[in-house]
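Novice: predicted model and sequence below, questions to follow.
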Amino acid sequence: MINSRDDALRFFPLLDRDLRADALGYVGMPRRWLPPQLEFTATDGAAIVGKNHGLPLYLDSPTLTRTIASGALGGLE
């Protein structure tokens, strides 16, 4: 789950300029970090939560909650 419009995440690189890193919640996790056999998708919640920052906003959305739950429980059958 990412939010490409989250201002708190967008300005994360300004916290430590030497780190030279983007917030994963803003840009998403690079696919190369995962084994090729692992299924991976990223969902941008910006259209639902807007520029706001905070887990309760995501959990208040049935659409995003369903996406989070299905991703967390996928493959457990």
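Specialist: Right, received. Where do you want to start?

Novice: for Ile68, give me its contacts.
Specialist: For Ile68, the contact set (C-beta atoms under 8 Å, 6 or more residues apart in numbering) comprises Met1, Tyr58, Leu59. All C-beta atoms are positioned from the backbone trio N, CA, C, and that covers glycine.

Novice: please repeat the previous calculation with a cut-off of 7 Å.
Specialist: Shown in contact with Ile68 (C-beta atoms under 7 Å, 6 or more residues apart in numbering): Met1, Tyr58.

Novice: secondary structure element holding it?
Specialist: Counting by DSSP states H and E, the element that carries Ile68 is helix 62-73.

Novice: pLDDT of that helix, averaged?
Specialist: Per-residue pLDDT values over helix 62-73 give a mean of 84.

Novice: do stretch 19-30 as well
Specialist: 80.

Novice: neighbours of Arg31, how many?
Specialist: Number of residues near Arg31 (other C-beta atoms under 10 Å) recorded here: 10.

Novice: contacting residues for it?
Specialist: Phe40.

Novice: now do it against Thr41, distance only.
Specialist: Per C-beta to C-beta, to the nearest Å, Arg31 is found 10 Å from Thr41.

Novice: ok so, going back, distance between the helix holding Ile68 and the chain's centre?
Specialist: 12 Å (C-alpha atoms, centre = their mean, to the nearest Å).

Novice: buried residues in it?
Specialist: Across helix 62-73, burial judged by 16 or more other C-beta atoms under 10 Å covers Leu64, Thr67, Ile68.

Novice: from Ile48, how far out is Thr65?
Specialist: Taking C-beta to C-beta, one finds Thr65 at 10 Å from Ile48.

Novice: same thing with Pro62?
Specialist: 10 Å.

Novice: which non-adjacent residue is nearest Asn52?
Specialist: Of all residues not flanking Asn52 in the chain, Asp6 sits nearest, at 7.2 Å (C-beta to C-beta, 6 or more residues apart in numbering).

Novice: wait, what's in contact with the one you found?
Specialist: Gly25, Tyr26, Lys51, His53.
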